[in-house]
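> The sequence and its predicted three-dimensional model are supplied below.
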Amino acid sequence: GAGVSQSPRYKVAKRGQDVALRCDPISGHVSLFWYQQALGQGPEFLTYFQNEAQLDKSGLPSDRFFAERPEGSVSTLKIQRTQQEDSAVYLCASSRPTGPEQYFGPGTRLTVT
Amino acid sequence: GQNIDQPTEMTATEGAIVQINCTYQTSGFNGLFWYQQHAGEAPTFLSYNVLDGLEEKGRFSSFLSRSKGYSYLLLKELQMKDSASYLCAVGTGANNLFFGTGTRLTVIP
């Protein structure tokens, strides 16, 4: 499997629970992005890593959202005290150093009840 | 503010040609991207324009006019499998993409 992988594919959380979403980028891709996609909308940027450095987190909607990539490969997006408005598909993407296109994973569909 | 406009829905006939338009106003510009997204799946990269003009790739072509803030995606010889959402996105800032809401294309026999 040479593509971006994400786990879990589906997550149901009760309001107030914490969740952790994992992304495995394509090997060798130094840039990693997280997006949030609501139903019927385009993806919205959340945060960007270059290797282990989080260079842009301007899209994170609140301080309940936290992302990390400690070793510059796998990344985790954590959402604390989930709310119903957090229900969405969370997409991870990675890109090569030499090209602008981003390659997306299948996403994690989060449903907060 | 930033804004991308594209039609919400389009319908076209199998074998025909369809043009999906996109206009944008963004605070930065590092290129114009088109992605295809089938329902419940990840967006798939289709094309990238950073200079004005037409880029052709098989049945798909993409055009950009930076002075007009305008792009289009042209799909030729439509196939049923082309039924999907087509997302216009602008590269802004360092590397992130600003997406439109997408155009849902339905191809009918």
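Sure, I can see it.

> Which part of chain A gets nearest to chain B, residue-wise?
residue A:42 (3.2 Å; C-beta to the nearest C-beta). All C-beta atoms are positioned from the backbone trio N, CA, C, and that covers glycine.

> you'd agree that residue is up against residue B:99?
Yes - between residue A:42 and residue B:99 a contact is recorded at 3.2 Å, counting by C-beta atoms under 8 Å.

> Now for these two: what residues contact both?
The overlap between the contact sets of residue A:42 and residue B:99 (C-beta atoms under 8 Å, 6 or more residues apart in numbering or on different chains) consists of B:4, B:87, B:89.

> Considering those residues, which is situated nearest to residue B:50?
residue B:89 (12.9 Å; C-beta to C-beta).

> that's a strand at the closest one, yeah?
Yes - under DSSP: H, G, I helix; E, B strand; the rest coil, residue B:89 sits within a strand.

> Can you tell me how far it is from residue B:8?
16 Å (C-beta to C-beta, to the nearest Å).

> now swap in residue B:32 and tell me
Using C-beta to C-beta, one gets 19 Å for the distance from residue B:32 to residue B:8.

> okay, those two: which has more neighbours?
residue B:32 (27 against 10; other C-beta atoms under 10 Å in any protein chain shown).

> returning to what we had before: make a ChimeraX selection of whichever of the shared contacts of residue A:42 and residue B:99 turn out to be buried.
In ChimeraX, selecting the buried portion of the shared contacts of residue A:42 and residue B:99, with burial taken from 16 or more other C-beta atoms under 10 Å in any protein chain shown, looks like this:
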select /B:4,87,89
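
> Turn the shared contacts of residue A:42 and residue B:99 into TSV, including distance to chain A and pLDDT.
Compiled in TSV, the shared contacts of residue A:42 and residue B:99 are given as follows (distance: C-beta to the nearest C-beta, whole Å; pLDDT from 0 to 100):
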residue	distance to chain A	pLDDT
B:4	8	96
B:87	5	97
B:89	7	96
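
> what would the shared contacts of residue A:42 and residue B:99 look like in CSV with distance to residue B:41?
Putting those into CSV (distance: C-beta to C-beta, whole Å) gives the following:
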residue, distance to residue B:41
B:4, 21
B:87, 12
B:89, 16
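
> Count the neighbours of the residue of chain A closest to chain B for me.
Number of residues near residue A:42 (other C-beta under 10 Å) recorded here: 22.

> So it lies in a helix, does it not?
No - with three-state DSSP as the criterion, residue A:42 is located in coil rather than a helix.

> Kindly state the pLDDT recorded for it?
At residue A:42 the predicted local confidence, pLDDT, stands at 94.

> if I pick it, what's in contact with it?
When contacts are counted by C-beta under 8 Å, 6+ apart, residue A:42 touches B:4, B:87, B:89, B:99, B:100, B:101, B:102.

> Would you mind giving those as a markdown table with secondary structure added?
As requested, the contacts of residue A:42 are exported to a markdown table (three-state DSSP):
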| residue | secondary structure |
| --- | --- |
| B:4 | strand |
| B:87 | strand |
| B:89 | strand |
| B:99 | strand |
| B:100 | coil |
| B:101 | coil |
| B:102 | coil |
